[in-house]
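Engineer: following is a predicted model, sequence given first.
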Amino acid sequence: MNHSKNNWREILPELCSSADETACSLLDKANIISLPENSTVFSQGDACNNYLLVLDGKVKVFTRAENGREILLYRLDKGDSCVLTTSCLFGNNNYPAEGITETAVTALAIPSDQFSNALRESITFREMVFSAFSSHLSDLITLVEEVAFGKIDVRLAKFLLKQ
């Protein structure tokens, strides 16, 4: 994975429209980070300092009970952002779950102050963040409904059919 500083423009071209160069200039200042497979992206209780946009690779986001049982909340793929990160940045909260790379990952790390500036100054960036946030939040609500109200045999059958 060889990602140049501005490679994010190829993966997320909608953020660089001629009508809104603010997002481009703000995001060009962000950092590119690389994490190997099975690396911790964030742990439960960690402070949230960066908004991450996955440029390449996969991240699983899950929560773990005291007895060690885990529930997968969602996976992030190329072009995705993390709903928990967005939520933590909005509320200045710590992470309530964990994120681990399933493959090597390259991501655009936007420091929280630049994230706030981009939300305030760029309509395009703001719309992208809120669209991703609402979509991921809907997926999480569906997951909660399935776990809380779904029959175990139906959930097991769906899982096995996906495999």
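Structural biologist: On my side now, so go ahead.
Engineer: other residues contacting whatever helix or strand residue 73 lives in?
Structural biologist: When elements are assigned from DSSP states H and E, residue 73 belongs to strand 70-76. Residues outside strand 70-76 that contact it (CB atoms under 8 Å, 6 or more residues apart in numbering): 54, 58-64, 82-84, 97, 99, 102, 136, 139-140, 143, 147. Every C-beta, even on glycine, is put in place using the N, C-alpha and C of the backbone.
Engineer: for stretch 122-138, same thing?
Structural biologist: 12, 14-15, 17, 19-20, 22-23, 26-27, 51, 74, 80-83, 86-87, 118-119.
Engineer: and it, what's buried?
Structural biologist: Using 16 or more other CB atoms under 10 Å as the test for burial, stretch 122-138 gives 122, 124-125, 128-129, 132-133, 136.
Engineer: of all those residues, which comes closest to residue 38?
Structural biologist: Closest approach between the buried residues of stretch 122-138 and residue 38, by CB to CB: residue 136, at 23.1 Å.
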